[in-house]
Every structure is written in structure tokens, then in C-alpha cells.
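K.L.:
when you get a sec, could you give me coordinates for this:
(one chain, ligands or ions: 1)
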Amino acid sequence: MAAIASAQVQTAIEKAKLNISSNQPLSAWLGSRPSFSKPTRSNPNQFTIGDQTFCDTSCPRLPIENYIDDVHGDSLPTHPAVLTNVCTEWGCFTNPWTISTLSSLLPSTPLSLDGGPGFARGSICFGSVTLSEYSDYCKHFSVSDSAPLYVFDHRILSSPELSSSFSIPPCFSNDVLANDPRRALPPAWLLVGAEGSGTPIHDHPTTVAWNALLSGCKVWITFPPDIDESFLLLNIGEDSSDDESSTNSSTHSDSSDDFDLSAIEWFSKCRDLPKGAQTIIQWPGEVVFLPEGWWHVVLNAQESVAMSYSIQLRRFKE
Ligand SMILES: O=C(O)CCC(=O)C(=O)O
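P.N.:
Okay, here's the model as predicted:
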């Protein structure tokens, strides 16, 4: 690795790539990507990638005022929902955080960088980059990568520069796992994503998640906790739709070989969604709420800035 690194590292992004996956040459990150048409404000409910079109399935949109007195979140839904009116008065929404505004607020702060192709999926906070370096990557270089890197940072939201720009809704204010050493991952993440970056499919078995989008556009697919996992894996093979030995449709198989798909690969390989799956096209100011155990895969259909929280409510029973 040292030999590869000294020969090839030129930029912070390249260094991050080698930290994220030291056994892969930089060339392994490059590749073509399926083209997609971004949802737009005039056509806000539709997203097309390759030959697949995903339409927003009208997930319930619920005003946060419904939960204003529920400080333990007991009455939050048990299905995915979009919470509205959460961010209306937040400074980071009225003067929205974008890569450019955040770069001015945090000119030289290193932030954690992850994402990329399937081989990098196990990485959590292995890479590091400033927002101006990441901005440069988004503008000029991310398009050469088969799956772009994604700023996913769990420290910066509590910094003085950012923490006064938003407030935690009361229904998310009591985290049973606060200060609990059994917590698997930190609760609060700033997400800054190039177009085409995303979060591969996963669930949070014991925590609910809420994700506030401040700029850009995200496309989510969610699945109930009891979904047949073969639907998630999408190990459809490059030409399985032509494979006559395949008795099932090309939507799924029971091999786990492709569990490590990046979000963009997952979307481009996905065919029909099973019953119970939801497609959510999320716009700035909307908060996606996911109950405990729901699976999700998320693609930044436009360059996006969001914050993502994962907390355990007292309603969760082992
Ligand atoms: O990329 C995203 O916005 C989704 C983030 C997510 O799934 C998570 O934080 O658990």
C-alpha cells in the first residue's frame, strides 16, 4: 500500500480513497455510471435511472405539530413518513446549507468521507477531506467515479459553527441510548453528497431515523423490517433477465454476493419493487422518518446537504 500511495497520491480525495480501501488501486474507483434524470420542481415525483423509473409512492406527509407535546415520540408512526414544517425556522434551511455555504462556515475543517463502490462499503470515517476539497471533487472529478464519495461526519453538527442553526424536534429529544456504551454508531451525522452519491441498503434494527434535507434532492426506497431479504440483495447478475434458468423474476435472488452494491448500482439494477416498498422523493425542508428496523437505500439525485439522526425511543422493546 505504501508503494501505491507514494506513487499515486496527489489529492486529498485520492488519499481518502486509499485510506478507505487500501487494497484497491485508485483505478478501481473509476468507471461509468448509469445516467439518470434528476427530479425537478416541475416534475417532482419521478426519478429515472437507466431504463428504470421510480415514482414517489405518496408516503404520508405529516406536520410536526402533530407531535409537539410528545417528548418521547410514543405516537410517531410505525411506518415511514415525511414530517413537514420541521425546518421552517432553522437558519440552515432559511439560508440553506449547501456545499458552498458550508465551505465558507468551515473553510479548513476536515470532515469524514466515505462511500464509493461496493468494495468501500465497510468504511466508516476512514477518509477525511475539507469541504473545499470535496466541492472541487463534486464539480470536476466525481463524475469519473463509478460511485461518488460522500461526506458523512458525526462530529461537526455539535460544533459552535453549526449547532445554533437548527433545533431537535421535541419528539426526538429523548434518546434512550444517549451516553450508552452499547450504542453501535454515533447518533448525529452531517451528510454532504455529490450528485450520484448515496447510502447503500441497510437498516437500524433498534433505532428510529430522521433525516432533514436542507438542499438538493434525495430518492429513498424503504422496505418493511420483515421483507424477504432476497429482495434487498438484488443479486440479479449482469444478464439474469435473459437467463432462462431463472425461475423467479429478475427482481431478486437469494444469494448475498451483491449485498455490497453502492446506492447508485442498487437503483440501476433494481427492477419491480415488492409490495410494502415505498419510494420517497425528498425535497429541502422535508424530514424523512423511518421507524425501527425499516430497510432503506438512498441516492442523492442532486448535490445534497442533510442531517441524519438515529435514536432509540422508549417504545422500542427488544
Ligand atoms: O444518505 C442518506 O441521506 C441516508 C442516510 C442514512 O441512511 C442513515 O444515516 O442511516
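
K.L.:
how about the helices in the chain?
P.N.:
According to DSSP state H, the chain carries its helices in the segments 2-8, 12-20, 91-94, 99-105, 131-136, 160-163, 230-233, 263-269.

K.L.:
hmm, the last one touching the ligand?
P.N.:
It stands for helix 263-269. No: if you take C-beta under 6 Å from any ligand atom as the test, helix 263-269 misses the ligand, and the best it gets is 7.5 Å. C-beta here means a position set from N, CA and C on the backbone, and glycine is covered the same way.

K.L.:
what about that helix, distance to the chain center?
P.N.:
Using C-alpha atoms, centre = their mean, to the nearest Å, the mean C-alpha position of helix 263-269 is found 13 Å from that of the whole chain.

K.L.:
state the mean pLDDT of it.
P.N.:
Mean per-residue pLDDT for helix 263-269: 93.

K.L.:
tell me which other helices or strands that helix touches.
P.N.:
Packed against helix 263-269 by the contact rule (3 or more C-beta pairs under 8 Å, 6 or more residues apart in numbering; DSSP states H and E) you find strand 46-49, strand 52-55, strand 198-202, strand 295-311.

K.L.:
per-residue confidence at Pro39?
P.N.:
Looking at Pro39, its pLDDT stands at 89.

K.L.:
measure it to Thr206 for me?
P.N.:
32 Å (C-beta to C-beta, to the nearest Å).

K.L.:
tell me where the model's unsure across the stretch 201-318 of the chain.
P.N.:
Segments of the stretch 201-318 of the chain classed as low confidence (criterion: pLDDT under 70) are 235-259.

K.L.:
if we use 90, what do you get?
P.N.:
Scanning the stretch 201-318 of the chain with the threshold set as pLDDT under 90 gives 228-260, 271-272, 274, 317-318.

K.L.:
what sits against Thr84?
P.N.:
By C-beta atoms under 8 Å, 6 or more residues apart in numbering, Thr84 lies in contact with Arg61, Leu62, Pro63, Ile64, Gly285, Glu286, Val287.

K.L.:
list the residues that contact the closest residue to Leu162 other than its chain neighbours.
P.N.:
With C-beta to C-beta, 6 or more residues apart in numbering as the measure, Ile156 is the residue that lies nearest to Leu162, at 6.0 Å, once sequence neighbours are left out. Counting by C-beta under 8 Å, 6+ apart, Ile156 touches Leu106, Thr109, Leu111, Leu162, Leu190.

K.L.:
how near is Ile156 to the ligand?
P.N.:
Here the criterion is C-beta to the nearest ligand atom, to the nearest Å. By it, Ile156 lies 14 Å from the ligand.
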